[in-house]
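coordinates only, sequence not included:
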């Protein structure tokens, strides 16, 4: 039987949400950008031993499936089908047709603030993919991946990088714009084409606005990042072996017959400070985002997404600091949410700098609906508690 999910293996899949017990230090409400002491070898060893001990406490969710095979061609766009026609090509970020000049260019990944003082975010409505993850305290920060940025005169406000965001940017081969970084992120910046607002030629890409107070008033622009990238010797061409990140469906993905399917009209990721939630609008088929008790607005209007990926990650803290050490390499669980439905998923990453793949309960790689995708990073220890998915 053909379907959007490719060939089904002849074995069931046990969906496991790996729970890691990590010692968490207290969190404050302010942002901490000052340098902190790196963890000692003894502290790293102790965290490793704690994680190994936690393997004995893994909850298991079993979903029984009948053995069945699927034959035929997959109903998603394969890499070899990505060819330019009439000046258009399929976007690596959204799966939608875009101008070839834009779709064949590496995206811009921008670190964005989500503090109230920084709202609205400028340029976020153009993002094809947004990652949302906690930083210090209960604050969240975004990484917005944008293809169509040439005419944007104001993007941001731009904030400092964290280690895990560097890995996310690398998965899309993006040019990574950030305004500084934590001490722990610094060694990893050499692995990404970065434009750093506080160092070297990268500083030319940024400016301070007069309508916000620091640190919420650092912005970049389309022209600024292009000139800085040229000065730094970066190419905007994708590597020859890059084949994209997600699988995008040729027809609508409904999830109705997928294992573990549930209604998903409202989605609450469990972020405490901004109280974010998504509400499905059947009229346009999109999830509309709310936070801080109101509609989440970008500078170009309300923020929406076609797909939501909830990705559980194990994490602790670096030494005795408030800086989170989020593990984006050790696979865990989560949810895929689209068109008013949700299914449980697992995820695995292709090596240190490879792409993250998401699988359904049969361990078949999921297929996304074309459109924007929002990725919520959630602590594994909160799996099943923080995230609330409701059918009405």
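Ah, there it is. What you see is a predicted model, and the numbers here were worked out from it, not measured in a lab.

Where do the helices of the protein begin and end?
41-54, 100-103, 163-171, 222-231 (DSSP state H).

buried set for the last one?
When neighbours are counted by 16 or more other CB atoms under 10 Å, the buried residues of helix 222-231 are found to be 222, 224-226, 228-229. Just so you know, the C-beta spots here come from the backbone N, C-alpha and C atoms, and that holds for glycine as well.

pLDDT weak spots in this protein?
Residue ranges of the chain with pLDDT under 70: 1-74.

quick one, domains of it?
Per automatic domain parsing, the structural domains of the chain span 13-76+246-390, 95-231.

which of these is buried the deepest?
domain 95-231 (a mean of 20; mean count of other CB atoms under 10 Å).

next one: that one to chain centre, how far?
13 Å (CA atoms, centre = their mean, to the nearest Å).

first vs last residue of that domain, how far apart are they?
End-to-end distance of domain 95-231 (CA to CA, to the nearest Å): 31 Å.

Was I right to think residue 116 contacts residue 292?
Yes - using CB atoms under 8 Å, residue 116 makes contact with residue 292 at a distance of 6.4 Å.

which residues sit in contact with the most centrally placed residue in the chain?
Geometric centre of the chain, nearest residue: residue 131, 3.0 Å, by CA atoms, centre = their mean. Residue 131 makes contact with 142-143, 145, 165, 168, 375, 377, according to CB atoms under 8 Å, 6 or more residues apart in numbering.

Of those residues, which pair is most distant in space?
The distance between the two most remote of the contacts of residue 131 (CB to CB) is 14.6 Å, for 145 and 377.

Residue 323 touches residue 317, doesn't it?
Yes - applying CB under 8 Å as the test, residue 323 and residue 317 come out as touching, 6.4 Å apart.

overlap in contacts of these two?
Between them, residue 323 and residue 317 share no contacting residue, judged by CB under 8 Å, 6+ apart.

Of the buried residues of helix 222-231, which is the nearest to residue 313?
Distances from residue 313 to those, taken by CB to CB, are shortest for residue 225, at 28.3 Å.

what pairs with the closest residue to residue 267 other than its chain neighbours across the strands?
Once flanking residues are discounted, residue 267 sits nearest to residue 278: 4.3 Å by CB to CB, 6 or more residues apart in numbering. Judged by DSSP bridges, the bridge partners of residue 278 are residue 267, residue 289.

Residue 94 and residue 261: what is the separation?
24 Å (CB to CB, to the nearest Å).

ah, wrong one, I meant residue 364
14 Å.

Likewise for residue 251?
Look at residue 251 and residue 261: by CB to CB, they are 17 Å apart.

and if you look at residue 282?
17 Å.

repeat for residue 357
20 Å.

again with residue 334
Using CB to CB, residue 334 is found at 15 Å from residue 261.

Residue 384 too?
In terms of CB to CB, residue 384 sits 17 Å off from residue 261.

same thing with residue 240?
For residue 240, the distance to residue 261 equals 39 Å [CB to CB].

Over to residue 121?
Distance, residue 121 to residue 261, by CB to CB: 33 Å.

Equivalent analysis for residue 363, please.
16 Å.

hang on, the earlier thing: closest to residue 308 out of the contacts of residue 131?
Residue 308 has its nearest neighbour among these in residue 375, at 7.9 Å by CB to CB.

can you pull up the bridge partners for that closest one?
Residue 375 forms beta bridges with residue 131, residue 309, as assigned by DSSP bridges.

My guess is it contacts residue 127. True?
No - with contact defined as CB under 8 Å, residue 375 and residue 127 do not form a contacting pair (11.1 Å).

which residues does residue 338 bridge with?
residue 307, residue 341.

residues touching it, list them.
Residue 338 neighbours (CB under 8 Å, 6+ apart): 253, 255, 306-308, 368-369.

quick one on the thing from earlier: with respect to residue 150, which of the buried residues of helix 222-231 is nearest?
residue 222 (4.6 Å).

In this structure that closest one contacts residue 151, no?
Yes - counting by CB under 8 Å, residue 222 does reach residue 151; the two are 6.1 Å apart.

doesn't residue 279 make contact with residue 295?
No - using CB under 8 Å, residue 295 is not in contact with residue 279, being 9.7 Å away.

In contact with residue 290, which residues?
By CB under 8 Å, 6+ apart, the residues touching residue 290 are 276-279, 296.
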